[in-house]
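Chemist: Sequence first, then the predicted structure:
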Amino acid sequence: MRRAVQVWLILCVAGAIVLLGALSLGSMPISAIDAVQFLLRPENSSASEVIHNLRLPRALTAFAAGGLLAVAGALMQVLLRNPLADPFILGISGGSAVGALSAMLLGLSAAFVDLGAFVGALVSILLVFAVANRDFARVQASGAVDASSRLLLTGVVLAAGWSALITLILTLAPEAQLRGMLFWLMGDVSGADSYATALLALLAVLVIVYPVARELNVMLRGEALAQALGVPVARVRSIVYFAASLATALAVTTTGTVGFVGLIVPHALRIVIGNDQRVLLPACAVAGGTLLLLADTAARVAIAPQQLPVGVITALVGVPTFMFLLLRNGRRA
């Protein structure tokens, strides 16, 4: 527990430093000392308004979305017992993208775009669970309990269907709307300001899944063994699936499709702190938020005043990082 607290403190300090950098850097440079002063005591000045009305909401939104993606990735990897699983593997992002792009195609406001994204993600969650739940009941009645492969297959097929619909929408969309659609698909935090909802959702997901973290450690050894040891596999699996799915849905609704955060962060943390979910899940929340906040800051200042989609930055960082982790684990094996 002492090591866990140390890791959490280090991650919190790193997150605070990155947050301070996000508040200071931009088209209007603000020193770190001034940023802290404006944060604690707002003033009637342009710099203070930039901090409170633009940079702070965007930074907190990016942090919350990154934390949601990292926690969802860790949960999906336990649920599917597949280290390559990520928050988007069950087609949730595809459904969200279809809902959001459909609202854009109809020329609806930003509020309806967010609503469409959430409804699309919710439809994906319900479809996957409805189909997979029949398999859960069937395999459990036959004496087996490991239905992870069927859940994965259902999500992959649904994701392929959503991908076809996304292509159709992009084909039908006018050229004036394509840029906004592509930015949303690649991840964009520039217009996000619902940080309170995202932060509360991150806290709620941790509160929901942390009580079953010990059971998740047992399920990593196989669902048959976990059930033999008294773990209520079906109940824990349902909790984890819905928590991970809702976390992904809220993150995608908030920032669009941002890849690699839910895949890279759990992998990197396991090397440092191991695979105990009681330590890993809170660490993923802080590390994922810090990573996406750092990526969003880089996307905002790299070619300022123009902004890059944050998904481009996470991909550029995530691909070589993941290759390094694979090579490192291969040499160990």
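Modeler: It's in.
Chemist: I30 is in contact with L20, correct?
Modeler: No - if you go by C-beta atoms under 8 Å, L20 and I30 don't touch, sitting 10.3 Å apart. (Glycine included, C-beta is placed from N, CA and C.)
Chemist: Between these two, which is the more surrounded one?
Modeler: I30 (19 against 16; other C-beta atoms under 10 Å).
Chemist: The more buried one is in what secondary structure piece?
Modeler: Using DSSP states H and E, I30 is not contained in any helix or strand.
Chemist: Tell me where the model's unsure across the stretch 101-250 of the chain.
Modeler: Applying pLDDT under 70 to the stretch 101-250 of the chain flags residues 132-149, 191-194.
Chemist: Please enumerate the strands of this protein.
Modeler: Counting by DSSP state E, the chain has no strands to list.
Chemist: measure stretch 304-315 end to end?
Modeler: Stretch 304-315 has an end-to-end distance of 20 Å (C-alpha to C-alpha, to the nearest Å).
Chemist: pLDDT averaged over it - what is it?
Modeler: Averaged over stretch 304-315, pLDDT sits at 84.
Chemist: What residues sit buried inside that stretch?
Modeler: Buried residues in stretch 304-315, counted by 16 or more other C-beta atoms under 10 Å: 307-315.
Chemist: show me what contacts the closest residue to S163 other than its chain neighbours?
Modeler: The spatial neighbour of S163 that comes closest, neighbours along the chain excluded (C-beta to C-beta, 6 or more residues apart in numbering), is G94 at 5.9 Å. G94 makes contacts with 88, 124, 158-159, 161-163, 165-166, as judged by C-beta atoms under 8 Å, 6 or more residues apart in numbering.
Chemist: right, and the pair among the residues you listed with maximum separation?
Modeler: For these, the farthest-apart pair by C-beta to C-beta is F88 and L165; their separation is 15.4 Å.
Chemist: more crowded one of these two?
Modeler: F88 (25 against 16).
Chemist: residues contacting that one?
Modeler: F88 touches 94, 159, 248, 257, 259, 262, counting by C-beta under 8 Å, 6+ apart.
Chemist: can you check A16 too?
Modeler: So A16 contacts nothing (C-beta under 8 Å, 6+ apart).
Chemist: can you do 10 Å?
Modeler: T290 (C-beta atoms under 10 Å, 6 or more residues apart in numbering).
Chemist: Can you read off the pLDDT for it?
Modeler: A16 carries a pLDDT value of 94.
Chemist: Distance to G15 added to the buried residues of stretch 304-315, as JSON lines?
Modeler: Compiled in JSON lines, the buried residues of stretch 304-315 are given as follows (distance: C-beta to C-beta, whole Å):
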{"residue": "Q307", "distance to G15": "22"}
{"residue": "L308", "distance to G15": "22"}
{"residue": "P309", "distance to G15": "22"}
{"residue": "V310", "distance to G15": "17"}
{"residue": "G311", "distance to G15": "21"}
{"residue": "V312", "distance to G15": "22"}
{"residue": "I313", "distance to G15": "17"}
{"residue": "T314", "distance to G15": "17"}
{"residue": "A315", "distance to G15": "22"}
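Chemist: What residues sit buried inside stretch 213-223?
Modeler: Buried residues in stretch 213-223, counted by 16+ other C-beta under 10 Å: 213, 215-219, 223.
Chemist: what's the distance between the spatially most central residue of the chain and V18?
Modeler: The centre of the chain sits closest to L69, judged by C-alpha atoms, centre = their mean, with a distance of 1.4 Å. With distances taken as C-beta to C-beta, to the nearest Å, L69 is found 16 Å from V18.
Chemist: what does P266 give?
Modeler: Taken as C-beta to C-beta, the span from P266 to V18 is 19 Å.
Chemist: Pick out whichever of the two has more residues nearby.
Modeler: Neighbour count, other C-beta under 10 Å: between P266 and V18, P266 has more, with 28 against 22.
Chemist: Skipping adjacent residues, who's closest to the more buried one in space?
Modeler: Nearest to P266 is A74, by C-beta to C-beta, 6+ apart, at 4.2 Å.
Chemist: hang on, that neighbour packs against D276?
Modeler: No - A74 is not in contact with D276 according to C-beta atoms under 10 Å; the separation is 11.4 Å.
Chemist: quick one: common contacting residues for those two?
Modeler: Common neighbours of A74 and D276 (criterion: C-beta under 10 Å, 6+ apart): 216, 270, 283.
Chemist: Those in helices, which ones?
Modeler: 216, 270, 283 (DSSP state H).
Chemist: Now for the nearest residue to D86 once chain neighbours are set aside: which residues touch it?
Modeler: Spatial nearest neighbour of D86, chain neighbours left out: L263 (4.2 Å); criterion: C-beta to C-beta, 6+ apart. For L263, the contact set (C-beta under 10 Å, 6+ apart) comprises 69-70, 73, 76-77, 83-89, 314, 318, 321-322, 325.
Chemist: Now the buried members of those residues.
Modeler: Here, 16+ other C-beta under 10 Å leaves 69-70, 73, 76-77, 85-89, 314, 318, 321-322, 325 buried among these.
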